[in-house]
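A.B. asks: Sequence first, then the predicted structure, then my questions.
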Amino acid sequence: MTQPSAMAPSNGRPAALAASSAMAIPAGISSAPQLEVPLPAGGPGLYELAIRSGSYQTEAPLVASSNHPRGGVLVVLPALTWQGQNVADDDGDGIPDALDAGGPVSLARPLAAGLPAGFIDEAAFLAYLDRAHLPYDLTTDLGLIDGVGPGMFGHSALVFAGAERWVPPSLATPLKSYLAKGGRVLSLGIDSLRRAVVVQGTKASDPSAPTQADVLGAEPSLGPPGALIASELLAALPAASLLLAGSSMPVRDLALAAPRQGVTVVSNRGAAGIDGTVSTALGAALAWQAAGGGRAFALLGDLTFLHDANGLVLGPDETRPDLTIVVVNNDGGAIFSLLEQGSQEFAGVYERVFGTPHRASLAGLAAAARIGHTMVLRAEDLPAALKGDGIRIVEVPADRAGGTALRRRLAEAAAAAVTALL
């Protein structure tokens, strides 16, 4: 018999359970709840639910919503995105089904990988609210769609705690009405609110390609473009520094930055190929500092970083350099957006085949390797984040679409300037 149990909550509240006026609904079940668990009397929370059956065990997120909302801020967790990226096999054909692969998907299926990729970051945000004693109500996007738990009206602000990747009309329409009546919406996830999907019952189907404007009509700024990050980094480096430029976009972005004296820039041979770049940065930093050089830095894209993330795991007797790795995280690859594959003709398949989003937690990887991690949301805050020693990760979320648009504008301006001289 399957035995569910609520483990320690991810928001830091005591694990003691008691009868309560709230109901816990396993995320991903969009209709009537299949399981009820007593909750702590302290209010809403995000829990890790352990499910055991004989020798089998898995984990799933458990979202606790209060039946007595307090108003103020409503935090919305992206259960639809969790399921949209869930690579479970719905139809038994041996091929994982996900919205990135075109769907359709069931919203009531178990999560194939246990906890979703964004769980750690979303739980950390709730933990911050709890530590700061900031009151909030909690629900999921599927809860808003199905009318389960607190609703958006009656709250002054909605905070989407993760990437709200797909938004059906049944959520987009009330969101627009909520904004029209003076509500405020904040999304903390990269690349949010820009894709439509159809949700009917426990099925999600017909996912769209990302649009330039989100479902609320805004053209989102998802972070500074890579070219701006590269320029700010190069200008902020101390004299006698070493900078390793990652392949693909970072080395090209550095080529757009103002020249800099007193900094040695190196890269792997060629402008493409991402194999072993983290290990290359570690080795270059060790050699540089053994020869009497100063601090070492690396500028990498997120895919390059993830491709060699195990390079961060060093044995206890290994020498560790002073190396700061700046990761431009635009949740995928940008290089193909400048080529034929990036044209509107291929919009339906571009993201899955060439954009390759991953939703990985860089903070989680840094924690696993026991090295420091800092997130910087604005390019102008990067210089302060570079201070420190040892091996460190500085993550800068970036706007992939905005970066592509900026490069195209620069190319058009350069072409116009050259044409004017002919």
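C.D. replies: Ah, there it is. Numbering: from 1, shown residues only.

A.B. asks: Assign the residue nearest to residue 277 when sequence neighbours are not counted to helix, strand or coil.
C.D. replies: Closest residue in space to residue 277, ignoring its immediate chain neighbours: residue 304 at 4.9 Å, by CB to CB, 6 or more residues apart in numbering. All C-beta spots, glycine's among them, are computed from the backbone N, C-alpha and C. What DSSP: H, G, I helix; E, B strand; the rest coil gives for residue 304 is helix.

A.B. asks: okay, now residue 304: neighbour count?
C.D. replies: Residue 304 has 27 neighbouring residues, counting by other CB atoms under 10 Å.

A.B. asks: Same check on residue 415?
C.D. replies: For residue 415, the count of nearby residues is 10 (other CB under 10 Å).

A.B. asks: Just the element for it, please.
C.D. replies: Using DSSP states H and E, residue 415 sits within helix 400-421.

A.B. asks: For the residue nearest to residue 277, list the residues it contacts.
C.D. replies: Residue 304 sits next to 246, 247, 248, 250, 274, 277, 278 when contact means CB atoms under 8 Å, 6 or more residues apart in numbering.

A.B. asks: Could you report the neighbour count for the third one?
C.D. replies: So that's residue 248. 22.

A.B. asks: Quick check: buried residues in stretch 81-90?
C.D. replies: 81, 82, 83, 84, 85, 86, 90 (16 or more other CB atoms under 10 Å).

A.B. asks: in what helix or strand does the third one lie?
C.D. replies: Spelled out, that is residue 83. helix 79-84.

A.B. asks: which helices and strands sit right next to that helix?
C.D. replies: strand 56-66, strand 105-106, helix 141-146, strand 166-167, strand 203-205 (3 or more CB pairs under 8 Å, 6 or more residues apart in numbering; DSSP states H and E).

A.B. asks: Excluding chain neighbours, what is closest to residue 149?
C.D. replies: residue 65 (3.4 Å).

A.B. asks: what bridges to the one you found?
C.D. replies: Beta-bridge partners for residue 65, by DSSP bridges, are residue 23.

A.B. asks: Can you give me the distance of the nearest residue to residue 111 once chain neighbours are set aside to residue 203?
C.D. replies: Here the nearest residue to residue 111 in space, its sequence neighbours aside, is residue 86; by CB to CB, 6+ apart that works out to 5.2 Å. Going from residue 86 to residue 203 by CB to CB, to the nearest Å gives 13 Å.

A.B. asks: Between these two, which contacts overlap?
C.D. replies: residue 105.
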